[in-house]
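J.: For reference, the sequence and a predicted model appear below.
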Amino acid sequence: MDKILRINMGAAGGPQQSIEKAGEFAALGGRATTSTIVGKEVPPDCHPLGAENKLVFAPGMLSGSAAAISGRISVGCKSPLTGGIKESNAGGQAAQVLARLGYAAIIIEGQPQGDDLYKIHINKDQVTISVDNSLKLLDNYPLIDKLKQEYGDKVAYISIGSAGERMFAAASIACTDPELRPTRHCGRGGVGAVMGSKRIKAIILDDQGCENRQPKDADKFKAANRAFVEGIRKHPVAGEGLPAYGTNVLTNVLNEAGGYPTRNFKTGQFEDATSISGETQAALEIERGGSATHGCHRGCVIQCSGIYHDKQGKYLTKQPEYETVWSHGGHCGISDLDAIATLDYWDDNIGLDTIEMGVAVGVAMEGGLLEFGDSEGAIRLVRDEVGKGTPLGRILGNGAAFTGKAFAVERVPVVKNQALPAYDPRTVQGIGVTYATSTQGADHTAGYAVATNILKVGGDVDPLKPEGQIELSRNLQIATTAIDSTGLCLFIAFPILDQPETFQAMLDLLGSFYGIEMTGDDVVALGQKVLSLERDFNKKAGFGPEDDRLPRFFSSEPLPPHNISFQVPDEELDQLYNWD
């Protein structure tokens, strides 16, 4: 990846493009690239939907190579949802194709005049930016069907649905999976709204005629890749639980632990959890002719996704993830898997973060708009209100915090304006630390303390006590930031935390690819450097210690069944970034 594509959508006379040498970014990738560019080039106090914000796409350090499970793409910008720096990533085919085309990043800047809508086509010979107003307000599934008629099925697509065009703060960016379905989303933080503000509807990536990126030391790379895959496959979570039941295997686990937030975080257990669990979901998928196992991109060896068919045996959506099943399920008191899968389809189609939308609907339920458990009402809100851009849809489409204000709800589960995911911080205290202190807003993937608190991966820190949670979250946030830069799936964390030989295989994989010696200290240094840069951006954007806090009700309302509150003191939260 030796070049960067810069596109100025606000140039005089129409969008202009230029290609630069990758420079320092040639050996970086993913989150390290997006956050560094945003940190250097975006004014922290700019309006996130204005011309000064930039949207950065970056494949990972190993993307486009033969490295296993290396297909994550990062998207960076100033977030319209949080107001801080944002890195949102997804699987799908886009990262691999972009990397094989040789790009370390695409930087989209400026803002065009008028209301024309653009598409960008990139192949090995040229970059073409063209107006295509026939795409206006198409949602992702019909959009990709239309684009396939022109560009075929040997490419990868990046797109926004109507939510992105309308610049909703919950809007996502979709990446197509190997079957060219727009099911893999950079969901969090409203990155789709920034793409919409640049008036870009779709990016078509065509790597025909391009070869895989090659390692500096082919023999060492091949051996490291083999050892890495072996380590993943022999781990009970990455090699057994996730392939068999998908990420939704966690529903029964978290419900039993009392950390499954139910009906807007009122209790930690859902009485109907079994009916929407990963085990039930997988059995239903197989029974209807779908699949409980599927890879979101070629080269995935975990295969934690699946294919969900409706009652007639026809494709409805990808396998709804744990977070989606929770946000539209237990959080809203809904126990109908078909309704949850339908909501997942509409989120993907319209282009919405499933976590943000599910939490927003649950908050609206608490505000009296619907009864908890009203699955048809929830579908109507997403499909007919958000999907059509009605005034009510615009409220919901701008996220849980916005919805809470509109409906005068006091108990709104957000940090830095971003909705909390599917783990209650009172029962899983380590994830509460991550929610509170992450540069990204409430985000379980920023430092997945659930691994150690609940699954006992990488050690055992009591989830119900405050002791050890700061160190746990700090170390995981540092490691995760580095992993987000490699293009590797975050689920490699399970085997590398438990198996020293698999961690070494990952270091050898990176080292042999770039012709360097990679150590654990290098991983820590990279993570710390990127987190410090992100935190500096947020400080300049106006964030202070008071923003690194959970909503007050988590400290004042004990959660059944354990009847405890969040107990990590504020002064300890303020010490998380103590390497600065």
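T.: Structure's in. What do you need?
J.: what about V75, helix or strand, and which?
T.: Taking DSSP states H and E as the criterion, the element that holds V75 is strand 73-78.
J.: Kindly report the same for L396.
T.: Per DSSP H and E, L396 falls inside helix 391-397.
J.: Only the buried residues of the very next helix or strand once past that helix, if you could.
T.: Later in the chain than helix 391-397, the nearest helix or strand by DSSP H and E is helix 400-406. Across helix 400-406, burial judged by 16 or more other Cβ atoms under 10 Å covers 400-404, 406. (Glycine included, C-beta is placed from N, CA and C.)
J.: Extract the CA atoms of helix 400-406 and return them as PDB.
T.: What follows is helix 400-406, C-alpha atoms only, in PDB (Å, rounded to 0.1, in the frame of the first residue of the first chain):
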ATOM      1  CA  ALA A 400     -30.700   7.400  21.800                       C
ATOM      2  CA  ALA A 401     -29.600  10.600  23.400                       C
ATOM      3  CA  PHE A 402     -31.500  12.700  20.900                       C
ATOM      4  CA  THR A 403     -34.600  10.500  21.400                       C
ATOM      5  CA  GLY A 404     -34.300  10.700  25.200                       C
ATOM      6  CA  LYS A 405     -34.400  14.500  25.000                       C
ATOM      7  CA  ALA A 406     -37.400  14.400  22.700                       C
END
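J.: which residues touch it?
T.: Helix 400-406 is contacted from outside by 169, 356, 359-360, 362-364, 367, 395-396, 409-410, 412-414, 417-419, using Cβ atoms under 8 Å, 6 or more residues apart in numbering.
J.: In strands, which of the residues you listed fall?
T.: Here DSSP state E is the test, and the contacts of helix 400-406 give 414, 418-419 as lying in strands.
J.: Now do the closest residue to A419 other than its chain neighbours against V457, distance only.
T.: Of all residues not flanking A419 in the chain, V359 sits nearest, at 3.7 Å (Cβ to Cβ, 6 or more residues apart in numbering). To V457, V359 is 26 Å away according to Cβ to Cβ, to the nearest Å.
J.: neighbour-wise, which of these two wins?
T.: Between V359 and V457, counted using other Cβ atoms under 10 Å, the more crowded position is V359 (34 against 21).
J.: For the more buried one, which residues are in contact?
T.: Residues near V359 by Cβ under 8 Å, 6+ apart: 327, 331, 400, 413-414, 419-420.
J.: got TSV for the residues you listed, with pLDDT and distance to Y514 too?
T.: Formatted as TSV, the contacts of V359 follow (pLDDT from 0 to 100; distance: Cβ to Cβ, whole Å):
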residue	pLDDT	distance to Y514
S327	98	39
H331	98	43
A400	98	41
P413	98	41
V414	98	39
A419	98	37
L420	98	37
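J.: In a markdown table, list those along with distance to T390.
T.: Supplementary listing: these in a markdown table, determined by distance: Cβ to Cβ, whole Å:
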| residue | distance to T390 |
| --- | --- |
| S327 | 21 |
| H331 | 23 |
| A400 | 18 |
| P413 | 25 |
| V414 | 23 |
| A419 | 21 |
| L420 | 26 |
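J.: quick one: which of those is nearest Q208?
T.: S327 (38.3 Å; Cβ to Cβ).
J.: Leaving out chain neighbours, which residue sits closest to that closest one?
T.: That would be G358: by Cβ to Cβ, 6+ apart, it lies 2.4 Å from S327.
J.: What count of nearby residues applies to that neighbour?
T.: Neighbours of G358 (other Cβ under 10 Å): 32.
J.: mind checking pLDDT for it?
T.: At G358, the model reports a pLDDT of 98.
J.: That one contacts V325, correct?
T.: No - with contacts counted by Cβ atoms under 8 Å, G358 stays clear of V325, the gap being 9.1 Å.
J.: which residues sit against the helix ranked longest in the chain?
T.: Counting residues, the longest helix in the chain under DSSP state H turns out to be helix 520-540. Helix 520-540 is contacted by residues 31-32, 35-36, 38-39, 42, 44-45, 84-85, 87, 439-440, 477-482, 485, 503, 507, 547, 577, 579-580 when judged by Cβ under 8 Å, 6+ apart.
J.: at 7 Å instead, please
T.: Here helix 520-540 makes contact (Cβ atoms under 7 Å, 6 or more residues apart in numbering) with 31-32, 35-36, 38-39, 44, 84-85, 439, 477-479, 481-482, 485, 507, 577, 579-580.
J.: Just the buried residues out of those residues, in PyMOL syntax.
T.: Restricted to buried positions by 16+ other Cβ under 10 Å, the PyMOL selection for the contacts of helix 520-540 reads:
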select buried, resi 31+32+35+36+38+39+44+84+85+439+477+478+479+481+482+485+507+577
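J.: Give me the subset of the contacts of helix 520-540 that lies in helices.
T.: 31-32, 35-36, 38-39, 477-479, 481-482, 485, 507.
J.: Out of those residues, which comes closest to T317?
T.: R31 (27.4 Å).
J.: State the distance from that closest one to P545.
T.: 24 Å.
J.: now do G114
T.: The value you get for G114 to P545, if Cβ to Cβ is used, is 43 Å.
J.: Comparing the two, which shows the higher neighbour count?
T.: Under the neighbour definition other Cβ under 10 Å, G114 and P545 were set side by side, and P545 has more, 11 against 7.
J.: tell me the pLDDT at the nearest residue to the more buried one once chain neighbours are set aside?
T.: Distances taken as Cβ to Cβ, 6+ apart put D574 closest to P545, at 5.2 Å, once the chain neighbours are dropped. pLDDT recorded at D574 is 97.
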